[in-house]
Structures are given as structure tokens and as C-alpha cells.
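**Q** pasting the sequence and the predicted model now:
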Amino acid sequence: MQEEGGDVIERRVREIYGGLLESGEPVREPGRAVEVLKDRFNLVVERRLVTIVYASFMNGRPVLFEGPPGTGKTEVGEALLELWAGKKPFVLPCSENYDEYKVIGDFHPAMAMAKGFNEESFIPRPLLAALILDTGVLVDEIRRSNEDFQNLLLDIADKRRIIVPELRRVFRARGPGYQLIFTSNPEDIAQNELSDAFLRRVVRVRFDYPPREVEERIIALRASREGPELGGEVRHVILEIVSRLRREGLVHKPGVAESVLLVRMAQSIARLKGRRRVTLEDVAEAAMSVLAKRVEDEDAVKAVVGEVLRVEVL
Ligand SMILES: Nc1ncnc2c1ncn2[C@@H]1O[C@H](COP(=O)(O)OP(=O)(O)OP(=O)(O)O)[C@@H](O)[C@H]1O
Ligand SMILES: [Mg+2]
């Protein structure tokens, strides 16, 4: 097979995707990465997590982020790939019918009819583009894809090369920027198991609900800067409500995503009422809509919100 050089496909990849990925210098020192994650991405991430991810990248191992919904897997994954490569990553949201044509490349039907199955009619897709441009790929919700697709990804990650048989070509990774992070939420319904072969080859990083002081820092960072102002009591009740609900055995447990949304919704409600400070009533008004996502959960959410806020929840 022909080895890859400067050519039609490379040029096309740069034309299509090059401009989208510009970011800055790579940040490969974990302590510095923690600061940039906070300042530029509004993310609170432990240094230990950055270190294990970077160590996996240094060993060419893909990383699996696994944990409950709304705990930062997707955003942290994207941000770490960006800092490591110094370029934005590609994001592949998985679905059952993904195959190599959708992620590596396929042929433009009319062009292929006219000119044949060759480089002129080939349309490069994100996985091949990432390899050529030396940037990362976030494979989101890997359990939603089928086993053949998972094996395809692992083979590419292991060998750091992609074969396109129709073109009789092998494309190889150019540098260390090309890395994979998978995300998965094992509690999600309607999805596939991950095979042993898959799990053996990845480095698994467990995500969970953060300790209360960390979540407090996150909501402070993510609250609207323009206000209305959040007092200590409002922050306290929001964290108390979500932490109790996580212990309640709900079908839909609130993640950090929900605490942040509850803060921002209460701020918007206060603003719509023309007030400068968020009150407990604003939290009560937002709470059911933000936290009770399933009919089965409504009673439990109502009870917890009512108890913590000492109000009757409508
Ligand atoms: N460590 C964190 N720092 C700051 N914000 C966070 C953090 N973790 C979660 N969040 C908040 O949660 C939101 C959702 O995060 P994200 O989508 O990455 O979660 P996820 O684990 O991928 O969820 P899902 O399983 O539903 O896809 C973010 O937009 C942010 O508001
Ligand atoms: Mg996600």
C-alpha cells in the first residue's frame, strides 16, 4: 500500500477542518492545565485527574471517562484534548449505526460515478482528519455504538494509523496530539455493554458527584457574573437539595449540570422580577422544572425541595 505524503486528501482536510481547530499552545504540565481549565473553560478539575489522563496519552492509551450524567465527562474530555494538542478536538456523538464510512471517510456518489473511487471523490471524516491534523477525538457516549465500531476505534488507537482499502493507503499519526477520550454512562438506559477487549485497552477514569466544597466552587464559577447576587444561604440550599436527591434513588438523579442550571434559573427568575438578590422563593420556583425530569420522580423531588426550603412546592 502507498504511504501517505503531501497530497489531495491532506489538502482537503486542511481546507475543510483546519480553521475550525485553532486554539493556542499545548498545555502539558498538569498544574498549569488545572489553572487554564478554571480560567478559560470554567471547569474545576483535580490535578490527579489531569495527571492520569496525560500519563495515558504519553503511553498512547485511550482514556474512558465513566460516571453518572452531568458530572463533566464531555466538557472535561474536550478541554483536556484541546490543552494537550493545542488544537480543538473533534467530537463524535455515538449512535448505533456508526461505521467507518461515517467517521473515517466515504465517497461522494456522483463524483465516484464520474471519476471512480479515488482520492478525488473521497470525503475525509473526523477520525481521519484528526489523525492528519494531529489533534484529539472525543468519542461521546461510546455505549451507544455497536461492538464492531468499538473494535474499529481501538484498532486505530492501538496502531495509530488508519487504512483506507479503497484508496490502497495507510495514514499514520503525525505527532502526540492525536489521542482518544471515550465517555460512557453505565446507568443510561438502552445501550450496549463494553466488551472485555475494549476495557483491557483503555485507561478508565471514574467520574462521580463532587464533594460539596468542590461543587460550591463550580456553582460560583458558573453563576451568571451579571447577577442577581447569590447569597450564602441560597448556595447552601441548592447544594443541600441536590445532594439529598442523589441519595433518594431517583430515576433521574441531578448532576452538577443540574445544580448549575438551578443557580442560573433562579438568577434569571430574580432578574425577571427586577430584583438584585436571589431569594429562596426564586429557587423554589425553578426547582421542580429543573430537577423533576420524570413523572416517577415528582413526589420525591417535591418532598425534598419543600423540606429544605420550608415552603410548599407547587
Ligand atoms: N468539574 C466541573 N466544573 C465546572 N462545571 C461542571 C463540572 N462538572 C460538571 N459541570 C457542569 O455540568 C455541565 C454538564 O457537563 P457535561 O455535559 O460535561 O457532563 P457529562 O458527564 O458529559 O453528562 P452526560 O452524561 O449527561 O453527557 C457543564 O456544562 C457544567 O455546567
Ligand atoms: Mg456527556
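**A** On my side now, so go ahead. Ligands and ions are numbered 1, 2, ... in the order given.
**Q** the closest residue to Asp134 other than its chain neighbours: neighbour count?
**A** Once flanking residues are discounted, Asp134 sits nearest to Gly177: 3.9 Å by C-beta to C-beta, 6 or more residues apart in numbering. All C-beta atoms are positioned from the backbone trio N, CA, C, and that covers glycine. Gly177: 22 surrounding residues under other C-beta atoms under 10 Å.
**Q** work out for me the element Gly177 sits within.
**A** Using DSSP states H and E, Gly177 sits within no helix or strand.
**Q** how close does it get to Asp155?
**A** Gly177 is 20 Å from Asp155, where distance means C-beta to C-beta, to the nearest Å.
**Q** again, but for Gln179
**A** With C-beta to C-beta as the criterion, Gln179 and Asp155 are 16 Å apart.
**Q** tell me which of those two has more neighbours.
**A** Taking neighbours as other C-beta under 10 Å, Gln179 and Asp155 compare with Gln179 leading, 28 against 13.
**Q** which ones are touching that one?
**A** Neighbouring residues of Gln179 by C-beta atoms under 8 Å, 6 or more residues apart in numbering: Phe57, Pro62, Val63, Leu81, Trp84, Ala85, Gly136, Val137.
**Q** neighbours of Arg271, how many?
**A** 16.
**Q** now the element after the helix or strand where it lies, going C-ward?
**A** In this structure, Arg271 sits in helix 256-272 according to DSSP H and E. Per DSSP H and E, the first helix or strand lying C-terminal to helix 256-272 is helix 280-291.
**Q** how much distance is there from the helix or strand following that next one to the middle of the chain?
**A** For helix 280-291, the following helix or strand on the C-terminal side (DSSP H and E) is helix 298-309. What separates the centre of helix 298-309 from the centre of its chain is 30 Å, taken as C-alpha atoms, centre = their mean, to the nearest Å.
**Q** how about helix 298-309, which residues are buried there?
**A** Neighbour-count burial for helix 298-309 flags Ala300, Val301, Lys302, Val304, Val305, Val308, Leu309 (criterion: 16 or more other C-beta atoms under 10 Å).
**Q** and the fifth one, what pLDDT?
**A** Val305 is assigned 94 on the pLDDT scale.
**Q** report the rounded mean pLDDT for stretch 69-87.
**A** What stretch 69-87 shows for mean pLDDT is 97.
**Q** buried stuff in that stretch?
**A** Buried residues in stretch 69-87, counted by 16+ other C-beta under 10 Å: 69-87.
**Q** how about the nearest residue to Glu10, chain neighbours excluded?
**A** In space, and not counting its chain neighbours, Glu10 is closest to Ile132: 5.7 Å by C-beta to C-beta, 6+ apart.
**Q** do Arg14 as well
**A** Leu133 (7.3 Å).
**Q** am I right that the one you found is in contact with Glu22?
**A** No: using C-beta atoms under 8 Å as the test, Leu133 is too far from Glu22 to be in contact (10.6 Å).
**Q** overlap in contacts of the two?
**A** Common neighbours of Leu133 and Glu22 (criterion: C-beta under 8 Å, 6+ apart): Lys87.
**Q** please identify which of the two sits among more neighbours.
**A** Using other C-beta under 10 Å, the more surrounded residue of Leu133 and Glu22 is Leu133, with 23 against 9.
**Q** give the contact list for that one.
**A** Neighbour list for Leu133: Val13, Arg14, Tyr17, Gly18, Leu21, Lys87, Gly177 [criterion: C-beta under 8 Å, 6+ apart].
**Q** which helices and strands does whatever helix or strand Gln150 lives in pack with?
**A** Assigned by DSSP H and E, Gln150 belongs to helix 147-159. Applying 3 or more C-beta pairs under 8 Å, 6 or more residues apart in numbering; DSSP states H and E, we find helix 147-159 packed against helix 126-133, strand 180-184, helix 196-201.
**Q** any idea which of those is most buried?
**A** strand 180-184 (a mean of 27; mean count of other C-beta atoms under 10 Å).
**Q** that's all I had, so thanks and see you.
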